[in-house]
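Visitor: I would like to see how this sequence folds:
(chains A, B and C)
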Amino acid sequence: MKNFVKLVRFEFNRFAPIYATLAVLTALIQLIGVFVTTNGYLRSVSEQKQSGIVNDSEIIANIGKMGMTDFVNSLWFLGPIMFCGAVLMLYSVFIWYRDWLGKNTFIYRLLMLPTQRLNILFSKVTTIFLMVIGLIALQLVLLYIENSLFQMLLPTAYFNYSNLNQMIQSSYYLMMFYPTSGLVFISRYSKGLLGLLVVSTVVLFERSYKIKGLIIGVAYATFVQLIFSAVYFMQFYNVMLYLFASEIFLISLVLTVVASTLSIWISHRLLNKKVTV
Amino acid sequence: MIEVRQLEKKYKRKKVLNGISFTANKGEITCLIGTNGSGKTTILKAIMNLTPLEKGEIFIDGKALDRETYETIAFIPDAITMMPSMTIQGAMEFMAEFYISWNQERATELLNFFKLSSRDKISQLSKGNTMKVNMVLGLALDVDYLLMDEPFSGIDIFSREQIASVFTSNLVENRGVLITTHEISDIEHLIDKAVLIENGKVVTEFNAEEMREESGKSVVDVMREVYQP
Amino acid sequence: MSEMFNQREPVYLQVVRNFKEKVASGELQPGEEMPSRRELANTLGINPNTVQRAFKRMEEENLLYTEGNMPSRVTEDQSILGQVRSELMLDAVEHFIAAVKPIGVTLKEIQDKVEEQYLLEASQNGGDNE
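Guide: Predicted coordinates:
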């Protein structure tokens, strides 16, 4: 356990500079986005005024109010999120390969540590997971800041105030990250964790059996994906089984636990018996 | 004692190890000799469980390797195993954090001996100095056995002499040392035992002094007989 | 340092002979303290176990003695020291005879030549020293 914590700290520090850059970049682009969006909106307002419409309510009827509910679906807002997502997804693979393919093969050191080799897996997966959570928390703070910024920059009449719930509800992506129910939260984040475990298992298959391993790994990942797709479709076409939503939820939770355990077990075997430097 | 029994390993259908067996004793310097590609490095990796085997058993003091064994046996590969972005100090801190057997006093002593500065970044070191740091990271562990892969290859003559003097010092006293090399002439006087490998098999295994005493042959003489019949 | 050793002769025997030569020449004095095995291994650049073996041999031949945990010392036994001298001399003479035998010279010729050469070299060395 102590070694696990040390390894997580180590893995985190290794990626910290890039991670910090991601966080700063996200905040920067979104905040700039607020200014640009506000400017664009105010320009439309003055255009309206130039064309002879002076009444605020008339203008609002034409072009609408401005606020977070509009902004959260703009590229200024979603762009950085998608970029961070893509980088972290890539890094969940690269976090392994950098140890093998670097000039100084650090994997020798990691595998020769006097600790359970599974700790290497756990530390890498935990690091990525914590980084995802970190960015999602940052986004929550940014939502508040951006809302206040709109309030500051816009004349009160044109500002569309929204509370956190309204902001989240108005974007498909935000709803994905901030589910309102605790159960959905657990289900979604446990699936995320499972995804990271499966990616690591695929990498370890590849590192153990090269091309052949990659094929086995991808087949394994597809298999896991198919099972969850089946559950997902069951939810919509609950034809023959007449299951309650809560039962479907339970099934998917059990499957997540089973698949995670399987991934960990396979990874354990590969790390201890098959992996090669 | 490190005991290696009937190791077999294939690499893309080619048998790199084909029934390798030998022992390396504590308090002795054993040298695995073989041409490039004869599987020497693979043997060291297999002892450290860094690569799987098709067959064979490895015992360290009679026990199979587990994670605690990494406090008893250290491997110094032919390339440094620390991240290039680390300073020597950072690398030592990493070692200290994970290994109970890490001996900082000895590490400092070694750095002084090799005239290395702990503030230097690993990526900025010369080949010889990188190898020395690599040696420090292994030698400063209070382990019973040290495995070194080609510690003398590809570095300048002065670095070689410095590294060779490590073998005659108290740094390896009472430990078992297993090194690989394809060039023995420089270190012939340093070793106790030679294990000659060819085509994935041990051709002969002998004590260097006994060979001189009984047959009047140097290790190089035996190598000539084995590799150029 | 290791270049001074012959690769085909057991290194420990070479260390022993080297020691005997130093004792005979007086470079090592009777009763003088020996360096530790580890130090000697390091200065000679050879395996410490080899030095250990050489020490063992020298102790067996009573060339060294060790009291308790003290460092080993060169023997002070005059008869052994004498033996070392005569052994080394005998060794050299044997080599010499083996070398001149094929030339087919008489003992008298050898004696005269040895004397002549010995005196010549002694006078040359003496001259150098002045």
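Visitor: so what's residue C:115 scoring on pLDDT?
Guide: With respect to pLDDT, residue C:115 scores 91.
Visitor: same deal with residue A:260?
Guide: Residue A:260 is assigned a pLDDT of 97 by the prediction.
Visitor: what helix or strand does it sit in?
Guide: Element membership for residue A:260, per DSSP states H and E: helix A:245-269.
Visitor: Stretch B:211-225 and chain C, are they touching?
Guide: Yes. With CB under 8 Å from any CB of the partner chain as the criterion, chain C is reached by stretch B:211-225 at B:212-213, B:216-221. All C-beta spots, glycine's among them, are computed from the backbone N, C-alpha and C.
Visitor: Send over that stretch as CSV, restricted to the C-alpha atoms.
Guide: This file holds the C-alpha atoms of stretch B:211-225, laid out as CSV (Å, rounded to 0.1, in the frame of the first residue of the first chain):
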residue,chain,number,x,y,z
MET,B,211,42.5,-23.9,-15.2
ARG,B,212,45.9,-22.1,-15.1
GLU,B,213,47.2,-24.4,-12.4
GLU,B,214,46.1,-27.7,-14.0
SER,B,215,46.4,-27.0,-17.7
GLY,B,216,48.5,-23.9,-17.9
LYS,B,217,45.7,-22.2,-20.0
SER,B,218,44.4,-18.7,-19.6
VAL,B,219,40.7,-18.0,-20.0
VAL,B,220,41.4,-16.6,-23.4
ASP,B,221,43.2,-19.9,-24.4
VAL,B,222,40.1,-21.9,-23.5
MET,B,223,38.0,-19.4,-25.4
ARG,B,224,40.1,-19.9,-28.5
GLU,B,225,39.7,-23.6,-28.2
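Visitor: buried ones in it?
Guide: B:211-212, B:217-219, B:222-223 (16 or more other CB atoms under 10 Å in any protein chain shown).
Visitor: Quick one: these as a markdown table, columns for distance to chain A too.
Guide: Below are the buried residues of stretch B:211-225 laid out as a markdown table (distance: CB to the nearest CB, whole Å):
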| residue | distance to chain A |
| --- | --- |
| B:211 | 34 |
| B:212 | 36 |
| B:217 | 36 |
| B:218 | 34 |
| B:219 | 29 |
| B:222 | 32 |
| B:223 | 29 |
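Visitor: farthest-separated two in these?
Guide: B:212 and B:223 (13.8 Å; CB to CB).
Visitor: now residue 29, nearest residue through space, not along the chain?
Guide: Because you didn't say which chain, this covers chain A. residue A:80 (4.6 Å; CB to CB, 6 or more residues apart in numbering or on different chains).
Visitor: Hmm, no, I was thinking of chain C.
Guide: Nearest to residue C:29 is residue C:74, by CB to CB, 6+ apart, at 6.7 Å.
Visitor: just how off-centre is stretch A:17-24 within its chain?
Guide: 15 Å (CA atoms, centre = their mean, to the nearest Å).
Visitor: other SSEs contacting the helix holding residue A:260?
Guide: helix A:118-153, helix A:182-236 (3 or more CB pairs under 8 Å, 6 or more residues apart in numbering or on different chains; DSSP states H and E).
Visitor: Name the residues that touch that helix?
Guide: Contact with helix A:245-269 is made by A:117-118, A:121, A:183, A:186-187, A:190-191, A:193-194, A:197-198, A:200-201, A:204-205, A:220, A:224, A:227-228, A:231, A:234-235, A:238, A:243, as judged by CB atoms under 8 Å, 6 or more residues apart in numbering or on different chains.
Visitor: Pull up the residues of chain C that are close to chain B.
Guide: So chain C meets chain B at C:2, C:5, C:7-13, C:38, C:41-42, C:44-50, C:53 (CB under 8 Å from any CB).
Visitor: Give me the neighbour count for residue C:112.
Guide: 12 (other CB atoms under 10 Å in any protein chain shown).
Visitor: Could you verify that it is part of a helix?
Guide: Yes. Using DSSP: H, G, I helix; E, B strand; the rest coil, the assignment for residue C:112 is a helix.
Visitor: For the closest residue to chain C within chain A, give its distance to residue A:249.
Guide: Across chain A, the shortest distance to chain C (CB to the nearest CB) belongs to residue A:112, at 27.1 Å. Counting by CB to CB, to the nearest Å, the separation of residue A:112 from residue A:249 is 43 Å.
Visitor: just residue C:63 next, same as before
Guide: 88 Å.
Visitor: higher neighbour count, those two?
Guide: Shown here are residue C:63 and residue A:249; by other CB under 10 Å, residue C:63 has more neighbours (23 against 18).
Visitor: what residues are up against that one?
Guide: If you count contacts by CB under 8 Å, 6+ apart, then residue C:63 has C:16, C:19-20, C:23, C:74-75, C:80, C:84 around it.
Visitor: Now go through those residues and say which are in strands.
Guide: residue C:74 (DSSP state E).
Visitor: count of residues packed around residue A:29?
Guide: Going by other CB under 10 Å, the residues that sit close to residue A:29 add up to 16.
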